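Student: generate coordinates for the sequence data below:
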Amino acid sequence: MTPASSHATSRGEADAAGAWRCQVARAFSRASQRYARLAQAQQQMGEALWPLLPERAERVLDLGCGPGHWCRRLAAHFGTDCHVVGLDLAAGMLDTARRDAPSGIAWLRADAAALPLASGQLDLAFSNLAIQWCPNLDAVMAELHRVLRPGGRAVINTLGPGTLQEIARAWSSPEALLDFRSRERHLASARQAGFRQVRCDAVSERFFYPDLAAVMASIKGVGAQTPRPQARLTRRDLDRARRRYESLREPAGLPLSYRRLTLVLDKEPT
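Tutor: Down below sits the predicted model:
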């Protein structure tokens, strides 16, 4: 590939990534008012990060903070000496977070792949179900490594293959929402970024809903889309999806599966 064609390809990829970021930001901004009510599964999965927190932290980043639930908890957990920054791509989420949060938490609208933070300043980076939306995982990992101080820690929940498989089946789609990356891919990216102490646990979790409308509300309420985001769904499409999903019904209701990947990344002390 010549330098000219390489530049053109890179520019095209950058344009596509920019359009994707705008799409995600708009979707999550639209969901901001109802996120807390509809994101019960996401909040429950976030509890898995709590035992992984360090004993002390004075500077903390919540990456992909949404409406600020975890920012508030982190600030309360680490006390008044802790400075918490909530960062999100969606302006609507940050507007909701500001209204509901106590003073002392700072808010930033920014991309996880280009953090507007100085190098080596964070004790802890916390992220619950955000980086799966980032198209450039390697850039995100590199930025996390950069902004953590020596001895700092990142604790992350993200999603792996098998997530939302029932949605894919209901719409006869080979993929659900995203091309979810594997555990091995996350480990390789973390090591490439410079983390030497890395851990990634994979856990399957299922949640149950009374009907298809509740299933779809749970994923749309967190800014997600159906497997056919650009298509106009007809009544026939919806009826067919409803029948397929009903064939999966269990006594507890209609299942929705998540493959949670929980990462602990420790930056080596100097």
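Student: which parts of the stretch 51-200 of the chain are strands?
Tutor: With DSSP state E, counting those that start in this stretch as the criterion, the stretch 51-200 of the chain has strands at 59-63, 83-88, 106-109, 122-128, 148-159, 197-209.
Student: quick one: contacts of the shortest one?
Tutor: Here strand 106-109 makes contact (CB atoms under 8 Å, 6 or more residues apart in numbering) with 65, 83-91, 94, 97-98, 116. Yep, even glycine has a C-beta here, placed from its N, CA and C like the rest.
Student: can you redo the residues you listed as JSON lines with pLDDT?
Tutor: Below are the contacts of strand 106-109 laid out as JSON lines (pLDDT from 0 to 100):
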{"residue": "65", "pLDDT": "94"}
{"residue": "83", "pLDDT": "97"}
{"residue": "84", "pLDDT": "97"}
{"residue": "85", "pLDDT": "98"}
{"residue": "86", "pLDDT": "97"}
{"residue": "87", "pLDDT": "97"}
{"residue": "88", "pLDDT": "94"}
{"residue": "89", "pLDDT": "90"}
{"residue": "90", "pLDDT": "88"}
{"residue": "91", "pLDDT": "90"}
{"residue": "94", "pLDDT": "93"}
{"residue": "97", "pLDDT": "90"}
{"residue": "98", "pLDDT": "90"}
{"residue": "116", "pLDDT": "97"}
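Student: out of these, flag the one nearest to residue 149.
Tutor: residue 83 (13.2 Å; CB to CB).
Student: the residue lying closest to that closest one once chain neighbours are set aside: neighbour count?
Tutor: What sits nearest to residue 83 in space, not counting adjacent residues and going by CB to CB, 6 or more residues apart in numbering, is residue 59, at 5.3 Å. By the measure other CB atoms under 10 Å, the count of residues near residue 59 is 19.
Student: so how far is residue 154 from residue 59?
Tutor: Going from residue 59 to residue 154 by CB to CB, to the nearest Å gives 13 Å.
Student: thinking again about what came up before, now for the residue nearest to residue 83: which residues touch it?
Tutor: By CB under 8 Å, 6+ apart, residue 59 lies in contact with 82-83, 85, 121-124.
Student: OK, contacts around the nearest residue to residue 208 once chain neighbours are set aside?
Tutor: Once flanking residues are discounted, residue 208 sits nearest to residue 253: 3.7 Å by CB to CB, 6+ apart. Residue 253 is in contact with 208-210, counting by CB under 8 Å, 6+ apart.
Student: specify which member of the residues you listed is nearest to residue 260.
Tutor: When the contacts of residue 253 are compared for distance to residue 260 (CB to CB), residue 208 comes out closest, at 16.4 Å.
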